[in-house]
Structures are given as structure tokens and as C-alpha cells.
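Trainee: output the structure for:
(4 chains)
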Protein chains: 4
Amino acid sequence: MIAILSNQAPEEQLQEVIRVIEKEGLTVHLSRGADRTVVGLIGKAEPRLAEHLRQMKGVEDVVKISKSYKLASRDFHPENTVIQIGDVKIGGGELVVMGGPCAVESAEQIDEIARLVKAAGGQVLRGGAFKPRTGPYSFQGVGVEGLIMMAEAGKKHGLLTITEVMTPEYVDICAEYADILQIGTRNMQNFDLLRKLGTCGRPVLLKRGFSATYDELLNAAEYILAGGNPDVMLCERGIRTFESYTRNTLDLAAIPALQSLSHLPVISDPSHGTGRRELVEPMAKASVAAGADGLIIEMHTDPDNSMTGDGVQSLFPDQFAGLLRDLEQLSPIVGKSFA
Amino acid sequence: MIAILSNQAPEEQLQEVIRVIEKEGLTVHLSRGADRTVVGLIGKAEPRLAEHLRQMKGVEDVVKISKSYKLASRDFHPENTVIQIGDVKIGGGELVVMGGPCAVESAEQIDEIARLVKAAGGQVLRGGAFKPRTGPYSFQGVGVEGLIMMAEAGKKHGLLTITEVMTPEYVDICAEYADILQIGTRNMQNFDLLRKLGTCGRPVLLKRGFSATYDELLNAAEYILAGGNPDVMLCERGIRTFESYTRNTLDLAAIPALQSLSHLPVISDPSHGTGRRELVEPMAKASVAAGADGLIIEMHTDPDNSMTGDGVQSLFPDQFAGLLRDLEQLSPIVGKSFA
Amino acid sequence: MIAILSNQAPEEQLQEVIRVIEKEGLTVHLSRGADRTVVGLIGKAEPRLAEHLRQMKGVEDVVKISKSYKLASRDFHPENTVIQIGDVKIGGGELVVMGGPCAVESAEQIDEIARLVKAAGGQVLRGGAFKPRTGPYSFQGVGVEGLIMMAEAGKKHGLLTITEVMTPEYVDICAEYADILQIGTRNMQNFDLLRKLGTCGRPVLLKRGFSATYDELLNAAEYILAGGNPDVMLCERGIRTFESYTRNTLDLAAIPALQSLSHLPVISDPSHGTGRRELVEPMAKASVAAGADGLIIEMHTDPDNSMTGDGVQSLFPDQFAGLLRDLEQLSPIVGKSFA
Amino acid sequence: MIAILSNQAPEEQLQEVIRVIEKEGLTVHLSRGADRTVVGLIGKAEPRLAEHLRQMKGVEDVVKISKSYKLASRDFHPENTVIQIGDVKIGGGELVVMGGPCAVESAEQIDEIARLVKAAGGQVLRGGAFKPRTGPYSFQGVGVEGLIMMAEAGKKHGLLTITEVMTPEYVDICAEYADILQIGTRNMQNFDLLRKLGTCGRPVLLKRGFSATYDELLNAAEYILAGGNPDVMLCERGIRTFESYTRNTLDLAAIPALQSLSHLPVISDPSHGTGRRELVEPMAKASVAAGADGLIIEMHTDPDNSMTGDGVQSLFPDQFAGLLRDLEQLSPIVGKSFA
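Mentor: Modelled structure (predicted):
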């Protein structure tokens, strides 16, 4: 349930509404927009409370939210969430590009790639220090050292950094070194990890589980939001279908659908979404045309020798740079600016 | 197996190659490009034939095609197939838009919609006279009368027409009235129908089965091509997945993937691909950005009262017109012209 | 809508009910059970008609059927449909086994296999004369000659025969030679074919489309039933999923689910359902344990040289015979008899 | 790579083989069967090592295992793994039944259900203390208290206990109170959790991710095995498909397929696998007929008021008892004993 107040209403009316709600043992979340403030009630509200609130001063409307997620829904937060990190704004009309290797391999590698990402016009450096791998004998990432290498490369080249965190106990150290924490597709419903992210103090990029519905993705986001962290990006990265030519089926309708159901920014990952280098460029453009707020793209200076074997979906540096030039042209046509 | 001859080679060398192949009991298909002519061998070729051909005058190379489809493959026909119908060219760099109602309902309805499609800048009028319906008690289309109404509306407003044919016995009558024959998703592997289309004398738009792989779609096209009809368009219209918010999951990676595997034009259907009106516009744009050669879009003057109940995915006329204005801007950015 | 009359009610009351319904322009279908007769109304019934019928003599109840299929639903026909062909009853508590090759290859082949099916305890000989093939260059079946060979083998060894029909124009000839007509997975929604089967005079085995829902399968059956043919068997043959180790995922829950939604017999096809010989036996047993009314199983005397290349899922004759001995033991445990 | 030694070979030959392998920096895993001992090499072996080993005394064969999982494969461990816990043997030809509520709700509830599971013939009490829930506002389980209640109920009624653990930090406490640890479908690829289970000292029931392939499931098991814990059961619990009548599609072919690929016991979960009470009984029987080593089934004394809302898939106690009586009859037919 949400109560909607005009911003014309004096602050004491809002405080009185909050007092009434908390007296019922419910939790309050506030969403202050330009014209209206939305008061979200978390917990089981009695019907008579709705009646009571509706008659209070300053309250314009009281609406029952039938979705299982509340804070993630556009009903509760009608305006887009814009996540600002340093100079970069995500969700605010600017197309954000995150680029980098699947895994951090060495200080030289990540430094060189950071330089190329920056030169091409990207804003965020991606790179995995801890890698989720199907089998236990595959390369599992270089660990904390990789975090440090990436942080240095990001700082040197003026890029934000994003890295994947796989388990609650590593959230703090990842949050120390990276600007954005990424939750991988296999962990979208790792609920203890999600809870921990609610208090990590960093924006989170939450990847859709490869067989998760929109509803489940938004409920996963709700765990983080309900924990107190409002800065969540949703990421479409392809779902599992019967088609085996591509690694996954990139579901681009998820972009406008999630933007309609939610106020959170939506990022597209055409690299994992296709698993084939030659499809990354057309699907990156299609993502932007579908309204994506940003892209996360694998790029590697030597894809054929990448340590994860994911090189087959990594762009070469010149392809990455060429793509960004094309996106610069495309963005304004669909109402986005390109920094 | 294919034999590749330079176009510099005199015609008698080509004829000699054909003679040698046919003597082995195989069928020959020719694909004449700007610089090279590709001779396709249909049937089981002995290895020594490859050797023989390779040493013949004029033959540059002999290549084994390991795919199960031959004529549909880009190996056999390296240049794009461009289908010309009247003034309209499909597959040649021009974005083609097909619009219209799910079903022809009356002469007035189809005439008014044709007028709106033309005014908005579309080239082809779509409309079903025979409707494939899940259950036997649903509206099954107005039949042959609908074909006539649509043909008249198309002629009056200067539009080509496309209509679905569901069974071999109706191919001739549909070919009499419509410029393009459409094969629906449920009939992609109706092999007798495909065979009949090989000799129908009309271009065919072949929709991907909602659970068909790219390979199966191209094999279905091969049936039509092998029957002697070179004018096949492939159509991505969404596949069936676990996500139920959308009616189907529009697999846009199919567009560049099919264009890489094949020389046939690829059309996208964001209406059936999403099943939700508000997603048609972003997915239409995304389709064009992904490289689609054309779009087929449902538009209705009164979608809430459409006879098929599919109105929920039909655009209103002003939305259709607005979308085409946007596509006009977008097309040149991705290297397409908009007539 | 259905009206339910006690069989105690005199025939003239039933006739009066029918007269009232037909006066409204609706079609009547009768289902006479042991205790009750169910009168099905096909067409759009006015609410006041329900009221009227409810007050008529002999009418026990009037029920609205909300499902899109009517004649296929258990609401309309509460007792199991039992299809009798010669001495064989399908759906009546007897486990029916259909066995044979993917394709009829020669008179000798089908005769020898028929002998083995009969010796093992099977009742029906399967074999394809017309084969649906993904690509146009694969073996397409031996055609009408194959129908004749199979009919002779069946007659000689005392077996019923079942064969696939792919297109409306071949329904009559297939019905002439085979006891049961099979509709393949790719033709489940070939609506013109379904309509033709409504008047073919033969029982039909309708395979579930490899991506069809239960609801769609029952609606496809409804086409045949509504056409006047009450003898339809449903067949679960595996659906398409992301798992590629098996050719399909055999959905055994479909068996009890369809038996609960419908009165039609349900047959399981563990050969196509798994695509792997070593999984056929356990899945055949599991099908029977789940309540299947019958099985359709591929068996070949020389699977590695079968003309369709489907031998990999065909049992050897001794495996087939061993399986039937096991099923003989298993059947009574789950309330089925084994002839 | 594995080296196979006859058990006739003296122990010193085995030790010498081990010495040679470890000198190369590889890890050794031993699997001692009745007739042969299999020495597994974990790590990247040089081809000349294979040659060297093949010529050593006592070595019968050296085989390259091409699968990404080794310890989980039947190549490495040809005999069935039998997990013994107290008197109960899992994987050894005895059908094991685990029953109980979705969630532990109170001491009285779990005690009463334990009594009923025991009386019906079950061996293991299931019950969740920590519940993975799609949204943050749903009942999340009663926590550690629930573990204690269940441990007491199990002890009192002579049942083993199984409970789900969701995060590495709770592995120790769950291992303290429960006999078997369950990994839920959403955590199948929670790799840090899997690693922790390698040293937990308890058998693990690993549920297949609802969109995981057999290969991915076996690789997940490999994480646990490689960590030193040989006691892993695989659990088929249904996969996500387009069919929405059932909650999941129970893939019973997974049972014989996994038993062929691996030596680990396979358990079936028809409750989550169907999500519908009326389908649990037929699918439980089908699971046993397909060769399952055990079943895990939800049973509740008051399903309509269960705290998780999963009651719709829980059996009533009398249904549970009736099912076990039927399984007692069925088991010997498929070569299983029923304790």
C-alpha cells in the first residue's frame, strides 16, 4: 500500500502520516518526487488503515500495490531512479557504457584495457576478480589482488569500476575497491547475498537469472532496496532457451517492460546475451534502440587467449571503439545523450 | 557441394561444368553474382566428382557445404537476395514496412486501414483472410471474400498485399489475389505446404516456428527454394519461453544470425513477438537497429473490438504513423534507406 | 455450456431439451454415460437459455464450461473414452503397445518386424510411409506403397496398424490402409488437417506439438471431435527445452494432467521423448506407472542402418520383447491389464 | 585422466603409481571397487605421463576422461555410490522416502508430522528452517529454532532429518542439527556454498537448478566431491518450461541419464516437480519406475494453512501413507527393496 501526498502539503502532515503508519507496526519508505511524495507501507496493513490515511490532511490518494514487490515498482516511485557516481549518472538520459575483460588477468592487461575503454568513450571499467565457473577445475579468478589492480587502473584512467561479488563474506572487500557491485546471473536468487547488499553502501548491478521472470528479477531487487540500498540497476543478459546457436537468447523486450514496471535503470549485456562476437555490435545497437540506459560489453586485447575462455564473445579494441562511435550517432535518435 | 566459377570464364565452361554434374544424376542450381557464379549440386556427390570439377577450366574452387540446407546458405549465394515486387525492393537496403489488421473484417475496415498504412509511409498491406486459431470455435477469418477486399484496398491505395495461406489447396487462390504469401508460425514445418509454395509464383514470407531453431527455419526455407521459388523472406516473430509477461520472446539476435547464415531478407514482427501494444514501438526500433530488412506490424482502427481478440497487440493508427516517422530518422543511422 | 440429464429421465425429455437448444441456433453434442447423459451446447448461449434449461423436466444441472475446448473436456464427458478397434480397446484399462520402425523400408522389413511385435505381445504395428523431415534432401518415406506393405504385414500377423498422415489430401488413402491415423508433432496445429480428420472414419492419435501446452493440445483435439470423430488419443512425445542430452524432455506429468482435464486416452512415446535407446525402457515403465493407456515405441531389426537415421532411439527386437515382459509385471500394480 | 589397477595388484604398485602422479604436481583421488581400483588424476596431465603410467606394473588401463567433471563421473567410479547414514542406505537398492512439511512451523507440527512419516514407512524427515523466498516480505522460516525442533522430532520418532542450507555461514549449524544438508534449486551454482559443503561432514542432497543441464548439475556435484565430501545425492525437482499448468516440468529421464553418467544416487521430488497435489502420486510412482533411488515428498497435516503457501503441493497424511503402501508393491517390480 502507498499513500501519495502533494509536495504542497506541509512537512508536519507528512510526519503525521508516518506516525500513524508506524503506530501500526509497519515500516515506512519515502520516495520524494518533484511534485509528489510517495509513502510506502511495508508490512500487512489493515483495510481500515487505508480508510484512515485517505481522510488525513495532505493525502491525495491511497493505493493498494498488488505486486509482490513494492519499492521496486513504478507505482511506488513514479520517476526514474537516477544513480549518480562521481560525474556519471545512470538512468538519467545519458547512455552509460561499461567495458572490459571477462576477468582481470594482470596489472598490465587491465591497465591497457582501461586506457582503451576510456579512449573509446566508456565510463565504467568491468573486470572479474572472482569468477563463477561451472566446474571446480576452471580458472576461478585472481581474487583480491585483481580488485586492487582494477581499482588502480580505473583511477589512473578516470573510469568507474564494476566487479562481481559472489558471496556475502566478500561484499565488504569488493565494496572497498569497486564503485559498483555486480551480481551474476547464478546469484540473482542468492537471498543472503542480496540482503547483505542492502547495506553495502555501493550501487548494485543485478543480473537477471538466466531463467528468471521479470517478476522474480524485481523481487530480487526488492531484497536490496528493502535493505536500505536504493541504487539498483537491472541487467538483461540473456535467457536460456532451446536455441543453441547463441549462448543465450537476449530478451530485449525486457528493457521497455522492466522500465514500465519499475523505475530502476536497465542495462543490457549483449556479450553474455549472445556469446558470439559478431552479434555483439548489432545487439548493442538494438539494446539502445529499445531504450537501454546502458551497456556492459566484454572487450579484450587478446580474446583468443583470455584466461576464462570467454574470448569468443569479447570484442577486439577497435571493434569496441567503432561500436561506441556508432552509438554516439544512434543515441540522440532515441532520446539519449552520449557523454 | 558447390563449384565456384569466375564470371570471366566463358559461358561454355559453365555449361560444361553443368553437363558433368547432371551426368552424375545430380541437380544443378545456379547463383550468378556480380563477380562469381556459384553452381550448387543437389544430391549425393561422389568425392571423385569434386576432384574432377576442381580440375575443370573456369572452376576456381569446389567447396563442401556441411549444412543440411544448401540453397538457403550464404556459402552458396554470397550476395544478399533482393526481392523486387513492383517498385518495392526487399533485402536491398531499403526498410520495408508491412502494416494492417490481424484479420480482414470488412471492405470498409481494410480500405480505411490501407489508406492509413499508405499515408504513414508503409509499402505493404497485411491482413488475414484465413486465420489459424487455437480452438475450433474462434473466428476463422472471412475467407476468399477477404482476399478480394484486401486486393482492392491494396490496388486503390498503391500498396502491395500479404496474406497467410494455411493449406496447400488454398495456395493458388491466395497467390491470385495477394502479392506475398505468408506462412504462419504453426505451419513452418508443414512440408506439403512448403513444397507447394516452391511453385506458387509469389514471394513467400516464412515465419519462424515459435520453437524452431535457426537451422530448422533455414531448412524450411530450403523446401521452398528447392522447389524453384527463390523469393523467400525469413521472419522472426518470437519464440516460446518461460516468460509469460510477453506473449513470446522476440529473439532479435536471430536477425544478424540469419543474415550471416543466409542471403535471404529477414523481417521482424514485433506485434506477435511481444503481444503487448506498448512494447511494439521499442521493439520495432530495436529490430531495425539489429539490421532487419523490414517489419510487419499490426495496426487497427478499433483494436479493442477486433474480431480476433488480438487487438491488444495492435497499434492505433497514430501510433503506427508516429513509429514510421521515428524509423525514418533511425534507418540511415544503421545504413538503411526509408522510402 | 452443458446440460446434464439423469438416464432415468424419459427419452422425450431429452428430445425436448435438444429441440429447445437447436431452436436457438446452437449445435448439440450428446455424451451418454452409464447414469447420466450430458448434452453439450456448441455456440454462444444466452444466459436466459441456461435458466430455461435448468427448469426443464429431466435436467439435473446446467454448467458453464469455461475452458475453450468443450467436447474434449472431462466436464462434458465424465467417463473415460474407450476406443475399440477390432478386439483392442484403448482407454479401457488395458495397456496397449504399438511398436515398429520409424519408416517402412521394404515388405520384408515390415513383415519381419510385425512378426516380432506380435510375438512380444504388442497389439499395433507402427510405421511411417510419409515422413516429415526437417530438410528437403532427407529420405521422405516410400509413400503409398509403404501403406500397402504395412497393411499386409498387419493383417498377416494379426496386428492393427498406425501410420502418420501429413496433409489433408492424403487422409483418405491413409484411412483406407491403416487402422489408426497419427498426427505428428509438427502438425498438431495444422488446422485444415485436423478438420479433415473429423470425418475420416478412423481413430486418430494426436501427438502434442513439441512446444504446445496441454490447453493447445486439447483444443487441437477439439477440432477433430467437433468435426464428428469421437475417437481421439492424445500422445505425449516430449517437449523442447534447453536440455540437449536428450532429444526432447518427456513430460510425464502430462499423462495424469491430461487424464484429469479430458476423457481421452493418453499414449506415451518414450522413443521420440528421449531420442536415446538406453532411456526408452525406464521411461516406458515410468509412463505406465504414471497411468499411460498405451505406449508407442520404435523397434527396428537393424537400427544402425535405418533409412531415417532415427535408429539411435529404436530398440533392438530382444530389448522390445524384454520390455514387454517387464510391463506385463508392472501393469497390474498400477491397475492396468496387459493383454 | 584415470589409471585403472586390478585389485590383484600388490599395494606397493598402487603406492608407486600415486607417487609418480604426485611428483607431477597433480592430485590423486582413489575409488576402490570390488575388483578394480581407479586412480583419478586432478589437474592438467602431460600426455607422456599417460604413457608412463600405462607401462607401470599393476596398471590395466589409462583412460582420458573428456567430461569436465571427473569424480562425479561413472568412468572414474564405476560402482554405485551407497551413502550409509545410521541404518539407512541410499543408492544401494533400497527405496528411501523423505517426507515432511515445506517449513517447520512449530514443535507440535513437526512432531506430529514426524510421527506420521514414520508410521507410513518413511526414513527421513524433511522440513525447512531457512526458506528461500522469491520476495523479501514472505515468511522466511523460523531459523535455528526450527533446526532444534526438527532434530528432536527426528530423534523421538527414529527418523533421519534433512534441511536446506542457503549460505556458507549457516553450513556448520545446519550440519550440527541435521543428518543431511539440502541445497535448493536456486543455489545449485552458489559455488562458495558448494565449496563449503566439501568439508561439512554430512551427506548432501543437491537439487538441480530449475534451468540447469545434466552437465551443470554434475559439475556442481564435482565442487562438493573435489572438496573431500563423497556423499552427494542428485535431485531432480523439475525444470522451467513454457507449460504453466504445472509449476515445473519434472524431467524423469534425468533419473536414468544421471545414473548412467554418474555413480551418485538420484532422488526425485514430485512435489516441487509438479506443484499440484493430485499429480504427486502418479509422478512418485513414475519416478520409482524410472529407477529413482529415493523420493522427497511434501506432506502437511493442514496444507491449506501452511505458512509458506506451498500447501497446494503437499499431500495429506493419508495420501502420503497410501502412496507408500503402493510404492511397497511397486518397488520389487523394478528391482528395489522397500524397507
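Trainee: all helices of the stretch 51-200 of chain A, in order?
Mentor: A:107-120, A:144-157, A:171-177, A:191-197 (DSSP state H, counting those that start in this stretch).
Trainee: can you list those in TSV and add mean pLDDT?
Mentor: TSV is the format used below for the helices of the stretch 51-200 of chain A (pLDDT from 0 to 100):
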stretch	mean pLDDT
helix A:107-120	98
helix A:144-157	97
helix A:171-177	97
helix A:191-197	96
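Trainee: where does chain A come near chain B, residue by residue?
Mentor: With C-beta under 8 Å from any C-beta of the partner chain as the criterion, chain A meets chain B at residues A:211, A:213-215, A:239, A:241-246, A:249-253, A:255-257, A:260, A:273-274, A:276, A:278-279, A:282-283, A:285-291, A:326, A:329-330, A:333-334. Backbone N, C-alpha and C define where each C-beta goes, glycine included.
Trainee: which among those residues count as buried?
Mentor: Buried members of these, counted by 16 or more other C-beta atoms under 10 Å in any protein chain shown: A:211, A:213-215, A:239, A:241-243, A:245-246, A:249-253, A:255-257, A:273-274, A:276, A:279, A:282-283, A:285-291, A:326, A:330, A:333-334.
Trainee: so which of those residues sit within strands?
Mentor: Taking DSSP state E, every one of these sits outside strands.
Trainee: out of the helices of the stretch 51-200 of chain A, nearest to chain D?
Mentor: Distance to chain D, taken as C-beta to the nearest C-beta, is lowest for helix A:191-197 among these, at 3.8 Å.
Trainee: residue in the stretch 51-200 of chain A with the shortest distance to chain B?
Mentor: residue A:67 (11.8 Å).
Trainee: thought that residue was touching residue A:73?
Mentor: Yes: if you go by C-beta atoms under 8 Å, residue A:67 and residue A:73 touch, sitting 5.3 Å apart.
Trainee: between the two, which one's more packed in?
Mentor: residue A:73 (22 against 17; other C-beta atoms under 10 Å in any protein chain shown).
Trainee: just the element for the spatially most central residue of chain A, please.
Mentor: Geometric centre of chain A, nearest residue: residue A:233, 1.9 Å, by C-alpha atoms, centre = their mean. Element membership for residue A:233, per DSSP states H and E: strand A:232-236.
Trainee: quick one: distance of that strand to the chain centre.
Mentor: Relative to its chain's centre, strand A:232-236 lies at 3 Å (C-alpha atoms, centre = their mean, to the nearest Å).
Trainee: and it, what does it pack against?
Mentor: Applying 3 or more C-beta pairs under 8 Å, 6 or more residues apart in numbering or on different chains; DSSP states H and E, one finds that strand A:232-236 contacts strand A:204-207, helix A:214-226, helix A:254-261, strand A:266-268.
Trainee: spatially nearest residue to the closest residue to chain C within the stretch 1-150 of chain A (excluding sequence neighbours)?
Mentor: Taking C-beta to the nearest C-beta as the measure, the stretch 1-150 of chain A has residue A:134 as its residue closest to chain C, at 14.3 Å. Leaving aside its sequence neighbours, residue A:134 sits nearest to residue D:219 (C-beta to C-beta, 6 or more residues apart in numbering or on different chains; 4.8 Å).
Trainee: pretty sure the one you found is touching residue A:137, no?
Mentor: No: counting by C-beta under 8 Å, residue D:219 stays clear of residue A:137, with 9.2 Å between them.
Trainee: could you export the strand holding residue A:233 as CSV, CA atoms only?
Mentor: In CSV, the C-alpha atoms belonging to strand A:232-236 read as follows (Å, rounded to 0.1, in the frame of the first residue of the first chain):
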residue,chain,number,x,y,z
VAL,A,232,20.0,-0.9,-8.0
MET,A,233,20.4,-1.4,-11.8
LEU,A,234,18.7,-4.2,-13.5
CYS,A,235,20.6,-6.1,-16.2
GLU,A,236,19.2,-8.2,-19.1
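Trainee: taking helix A:214-226 as reference, get the angle to that strand.
Mentor: Orientation check (axes from the mean of the first three to the mean of the last three C-alpha atoms, to 10 degrees): strand A:232-236 against helix A:214-226 gives 160 degrees.
Trainee: if we can go back for a sec, could the helices and strands packed on strand A:232-236 be laid out in CSV, adding mean pLDDT?
Mentor: Formatted as CSV, these follow (pLDDT from 0 to 100):
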stretch, mean pLDDT
strand A:204-207, 98
helix A:214-226, 97
helix A:254-261, 98
strand A:266-268, 98
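Trainee: circling back to that earlier point, who's more crowded, residue D:219 and residue A:137?
Mentor: residue D:219 (25 against 16).
Trainee: before we move on, the earlier item: which of the buried ones among the residues of chain A next to chain B fall in helices?
Mentor: Of those, the ones assigned to helices by DSSP state H are A:214-215, A:255-257, A:273-274, A:279, A:282-283, A:285-289, A:326, A:330, A:333.
Trainee: could you pull up the mean pLDDT of the strand holding residue A:233?
Mentor: The average pLDDT within strand A:232-236 is 98.
Trainee: hmm, who's touching that strand?
Mentor: A:72, A:81, A:83, A:90-91, A:180, A:182, A:203-208, A:217-218, A:221, A:224-225, A:250-252, A:254-255, A:258, A:262, A:264-269, A:273, A:287, A:293-294, A:296 (C-beta atoms under 8 Å, 6 or more residues apart in numbering or on different chains).
Trainee: what of stretch A:239-246?
Mentor: Outside stretch A:239-246, the residues touching it (C-beta under 8 Å, 6+ apart) are A:208, A:210-212, A:238, A:248-249, A:251, A:273-276, A:279, B:211, B:213-215, B:239, B:241-243, B:249, B:251, B:253, B:257, C:240-242, C:244, D:211.
Trainee: which residues are in contact with both of residue D:219 and residue A:137?
Mentor: Residues touching both residue D:219 and residue A:137 (C-beta under 8 Å, 6+ apart): residue D:68.
Trainee: contact residues of the stretch 51-200 of chain A facing chain D?
Mentor: Going by C-beta under 8 Å from any C-beta, the residues of the stretch 51-200 of chain A near chain D are A:68-70, A:132-138, A:166-169, A:186-187, A:189-193, A:195.
Trainee: can you do 6 Å?
Mentor: By C-beta under 6 Å from any C-beta of the partner chain, the residues of the stretch 51-200 of chain A that approach chain D are A:68, A:132, A:134-136, A:166-167, A:186, A:189-192.
Trainee: among the residues you listed, which are located in strands?
Mentor: Using DSSP E, no member of those falls within strands.
Trainee: for those residues, which one is nearest residue B:63?
Mentor: Nearest to residue B:63 among those, counting by C-beta to C-beta, is residue A:134 at 35.9 Å.
Trainee: hmm, residue D:217 and that closest one touching each other?
Mentor: No: if you go by C-beta atoms under 6 Å, residue A:134 and residue D:217 don't touch, sitting 10.2 Å apart.
Trainee: wait, which of the helices and strands packed on strand A:232-236 is closest to residue D:115?
Mentor: Checking the helices and strands packed on strand A:232-236 against residue D:115 by C-beta to C-beta gives helix A:214-226 as the closest, at 36.1 Å.
Trainee: how far off helix A:254-261 does the closest one point, in degrees?
Mentor: 60 degrees.
Trainee: for helix A:214-226, which outside residues touch it?
Mentor: Applying C-beta atoms under 6 Å, 6 or more residues apart in numbering or on different chains, the contact partners of helix A:214-226 are A:68-69, A:71-72, A:188, A:194, A:197-198, A:204, A:206, A:208, A:232, A:257, A:262, B:245, D:134-136.
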